[in-house]
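>>> I would like to see how this sequence folds:
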Amino acid sequence: MIRLTGRAYECCLEVLQLLKDAGHEVYIVGGAVRDAILGLPVSDFDLASSAKPEEIMASFHTVIPTGIDHGTVTVIHHGFSYEVTTFRTDVSYNDFRHPNAVSFLGSIEEDLARRDFTMNSLALSIDGTLIDLYSGQEDLKNRLIRTVGNPDERFQEDALRMIRALRFQSTLNFTLDQQTEQALKKQADLLQYVAIERIQMEFSKLLAGKAVDQALHALVQANVHLVLPELQEIEQSFDEIPFLVNLTTEIERWAWLSSTTEKPSQFLKKWRLSNRIIKEVEHLLVNVKNAQDKGWNKETVYNALPEVKSCERLRSVFEKRRPFLESVEQITSDLTITSSKMLAVTGEDLIHWRESSPGPWVGEALKQIELAVINDEIKNEKSSIRRWLKQWQTQ
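Numbering: from 1, shown residues only. Presented below is the predicted three-dimensional model:
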């Protein structure tokens, strides 16, 4: 028995009922059914229906034509979004990613036949009847990733499915079935025809999986790493992979991956990551290098804020150990200040005390005061800082 609960599911049932009342077949399909069988939380529901896009749009007040050329529209119902796609088959592919044409069909059976993996080829009716034409439920029970039909054909139709297979291996801790694994190695070269932005989206999810070590090993065994940007040397960092479970953010994971290359910044750009992510990764790697060189002291912790915990987690991967977050947190809590804005003095104070004109000396003096306060050489009080400053100026 498949158990689904929650407000999003209740509203989904209303969408199903409205389409059914209009004379159409409609089912919950794909990931929602898969995750429900696995006992995972479900918040997104995709639907497949015999209704054409224009018929769906006529049945609801708010509908967004998100992918109407391919039969997909998004129904907004009580604040929830539901992608509804007309039963279809993909006629042919010429770029190993997108179908040349889409043919709308009248049956759920033909629609399920075009899907990638058996575990995603499941459909659930409004009365709870499960349609499972390709033993997807059995494969879920056996924790197996298997394509619908011939794996070579499925990967030739859409080469991104190879990365999706590895992503599911990582996130679900499943195993690739033998034929799928063999086809992955045979068809890996086709990934060169897939936009790196699409690969990157799946790869980010792969890196976040609980079985990322297995997925990355499978990726290398299938020679997929030879096709992807700057991953040719990743095998040299395999001894760090078991420790990737320490990492908790996207920035940390891309920082680790980029560190396996000689030029991290160039690597990140080739993967078409956003400028924000690239900047944060570069900053994180600099702070981790400082921590590795100097260890965690008040100065390195202060300079690494607010990502000090990220630094320690990433450092723990490089050093192949568990993260020592407790000691870092203790140093953080012992800091007198956590920002230069918390200093008891300003540049104007220094100029007034010295009775001198502004200049580069002000910034240098403030920096030295900041370091002295951080390292508990002086109290963060105007009188203490003024006395310390007189001594510093005479050095």
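>>> I'd like to know which elements the longest helix belonging to the chain is packed against.
Counting by DSSP state H, the longest helix found in the chain is helix 275-294. Counting contacts by 3 or more C-beta pairs under 8 Å, 6 or more residues apart in numbering; DSSP states H and E, helix 275-294 packs against helix 250-259, helix 264-270, helix 298-304, helix 308-318. C-beta here means a position set from N, CA and C on the backbone, and glycine is covered the same way.
>>> With residue 181 as the reference, name the closest of the ones you listed.
Evaluated with C-beta to C-beta, those place helix 250-259 nearest to residue 181, the distance being 22.7 Å.
>>> Who are the packing partners of that closest one?
By 3+ C-beta pairs under 8 Å, 6+ apart, helix 250-259 packs against helix 196-207, helix 264-270, helix 275-294, helix 308-318.
>>> would you list those helices in CSV and tack on mean pLDDT, mean neighbour count and distance to residue 56?
Shown next, in CSV, are the helices and strands packed on helix 250-259 (pLDDT from 0 to 100; neighbours: other C-beta atoms under 10 Å; distance: least, C-beta to C-beta, whole Å):
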stretch, mean pLDDT, mean neighbour count, distance to residue 56
helix 196-207, 94, 18, 26
helix 264-270, 94, 17, 40
helix 275-294, 93, 17, 36
helix 308-318, 94, 22, 44
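>>> Including distance to residue 59, could these go into TSV?
As requested, these are arranged in TSV below (distance: least, C-beta to C-beta, whole Å):
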stretch	distance to residue 59
helix 196-207	31
helix 264-270	45
helix 275-294	40
helix 308-318	47
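>>> of the helices and strands packed on helix 275-294, which approaches residue 3 most closely?
Of all these, it is helix 250-259 that lies closest to residue 3, at 31.1 Å by C-beta to C-beta.
>>> what angle do that closest one and helix 308-318 make?
40 degrees (axes from the mean of the first three to the mean of the last three C-alpha atoms, to 10 degrees).
>>> returning to what we had before: of the helices and strands packed on helix 250-259, which is nearest residue 172?
helix 196-207 (10.9 Å).
>>> ok, now how distant is residue 199 from residue 146?
Separation of residue 199 from residue 146 (C-beta to C-beta, to the nearest Å): 22 Å.
>>> Out of all residues in the chain, which is the farthest from the middle?
For the chain, the residue at maximal distance from the C-alpha centroid (C-alpha atoms, centre = their mean) is residue 355, at 54.7 Å.
>>> Tell me the secondary structure of the closest residue to residue 223 other than its chain neighbours, please.
Excluding its sequence neighbours, the residue lying closest to residue 223 (C-beta to C-beta, 6 or more residues apart in numbering) is residue 188, at 5.3 Å. What DSSP: H, G, I helix; E, B strand; the rest coil gives for residue 188 is helix.
>>> what about residue 263, how many neighbours?
Residues lying near residue 263 (other C-beta atoms under 10 Å) number 11.
>>> now the spatially closest residue to it that is not a sequence neighbour, what's its secondary structure?
Once flanking residues are discounted, residue 263 sits nearest to residue 230: 8.0 Å by C-beta to C-beta, 6+ apart. What three-state DSSP gives for residue 230 is coil.
>>> and residue 230, what is it in contact with?
Residue 230 makes contact with 261, 263, 266, 267, 270, 271, according to C-beta atoms under 8 Å, 6 or more residues apart in numbering.
>>> Find the pair from these with maximum spatial separation.
Greatest spatial distance in these: 263 and 271, 12.5 Å, computed using C-beta to C-beta.
>>> returning to that earlier point: nearest to residue 121, out of the helices and strands packed on helix 250-259?
helix 196-207 (18.8 Å).
>>> All good on my end, thank you.
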